[in-house]
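# Okay, predicted coordinates and the sequence, questions at the end:
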Amino acid sequence: MSSAGARAYESIKEGIISGRFQPGERLKEDELTALCRVSRTPVREALQRLAAEGLVVVTPNAGAQVAAVNSLELEEIYVLRAMIEGYAARRAAANISPDDIERLKILASRMERAVEAGGEAMQATFTAANAEFHHIILDAAKSARLTAMATLVVELPLTLRTFARYSESDRRRSLRHHRELIDAFECRDGAWASSVMESHIHAAFRALVRSEAF
């Protein structure tokens, strides 16, 4: 992929993950070229890569749109996500550095403050901190293959911005999971970390189901 294509990819992907582009929304090339400040060719490169990752659907003669999923597809995605991220947490427990654990603590505190603050700022702050929290764990698993697999099943659910649909009890449980994961990493207990992560992902799916967000 060209450097211009990579820039376009990051810009469009950020728009999808942040909710600027909603599931099912058409992605018009002329608007994307203006947004990304590149020509049509890099935009097309970016859309093809996003399609390969499942974030975009490209239809011949109809253009591209943000991927939307039905309830059965979403359940499958979350089952796979629990398996992949659970295994990543198990590996991370053996490999994660003290600096990374400290960073996880900072992010956990940031998410807790965001929940206390509430409002739109909560969603923006929490989403970014949560994404970094999970990325640190994936990186600590030290498996490029695992990271590539996770990309396909982690980022699509984020397009639904599930945390905004959580109940108060859902949010508190999610925050407790983050702290328990940190405890498991400090103890270097892979089985504990894997169990908490799987529970964390399954709880996220059930919160989404209850909200009837799809």
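Looks like it arrived, so ask away.
# quick one: least confident helix or strand in this structure?
Taking mean pLDDT, DSSP states H and E as the measure, the chain has helix 144-158 as its least confident helix or strand, at a mean of 77.
# which residues are in contact with whichever helix or strand comes after that helix?
Downstream of helix 144-158, the next assigned helix or strand under DSSP states H and E is helix 168-186. Here helix 168-186 makes contact (C-beta atoms under 8 Å, 6 or more residues apart in numbering) with 89, 92-93, 96, 101, 104-105, 107-108, 111-112, 115, 133, 137, 163, 166, 190, 192-193, 196-197, 199-200, 203-204, 207. Using the backbone N, CA and C atoms, a C-beta is placed for each residue, glycine as well.
# ok, now how distant is the residue lying closest to Cys187 once chain neighbours are set aside from Arg179?
Excluding the flanking residues, the one nearest Cys187 by C-beta to C-beta, 6 or more residues apart in numbering is Ala93, at 7.9 Å. The gap separating Ala93 from Arg179 is 15 Å, by C-beta to C-beta, to the nearest Å.
# as a whole number, average confidence for stretch 41-57?
Per-region confidence: stretch 41-57 scores 85 on mean pLDDT.
# What are the contacting residues of it?
Here stretch 41-57 makes contact (C-beta under 8 Å, 6+ apart) with 1-2, 4-9, 11-13, 16, 27, 29, 32-33, 36, 58, 64-67, 151-152, 155-156, 159.
# returning to what we had before: so for Ala93 and Arg179, which sits in the more crowded spot?
Shown here are Ala93 and Arg179; by other C-beta atoms under 10 Å, Ala93 has more neighbours (23 against 15).
# and that one, what helix or strand is that in?
Ala93 belongs to helix 71-95 when assigned by DSSP H and E.
# ok and that helix relative to helix 168-186, angle-wise?
30 degrees (axes from the mean of the first three to the mean of the last three C-alpha atoms, to 10 degrees).
# Can you tell me what sits against helix 71-95?
Helix 71-95 is contacted by residues 69, 134, 137-138, 140-143, 146, 149-150, 153-154, 156-157, 181, 184-185, 187-198, 201-202, 204-205, 208-209, 214 when judged by C-beta under 8 Å, 6+ apart.
# Selecting buried members of these in ChimeraX, what would you type?
Buried subset of those, written as a ChimeraX selection, criterion 16 or more other C-beta atoms under 10 Å:
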select :69,134,137,138,140,141,143,146,149,150,153,154,156,157,181,184,185,189,190,192,193,194,195,196,197,198,201,204,205,208
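# C-terminal to the helix holding Ala93, what's the next element?
Note on helix 71-95: by DSSP H and E, the next helix or strand toward the C-terminus is helix 98-117.
# If you average the pLDDT over that following helix, what comes out?
Per-residue pLDDT values over helix 98-117 give a mean of 94.
# Ok, stretch 80-89 next?
The average of the pLDDT scores along stretch 80-89 is 94.
# Please shift the residue numbers so they start at 15 in all later answers.
All right, first residue 15 from here; so that's stretch 94-103.
# If you count neighbours, what's buried in it?
Neighbour-count burial for stretch 94-103 [16+ other C-beta under 10 Å]: Leu94, Arg95, Ala96, Ile98, Glu99, Gly100, Tyr101, Ala102, Ala103.
# Many thanks, have a good one.
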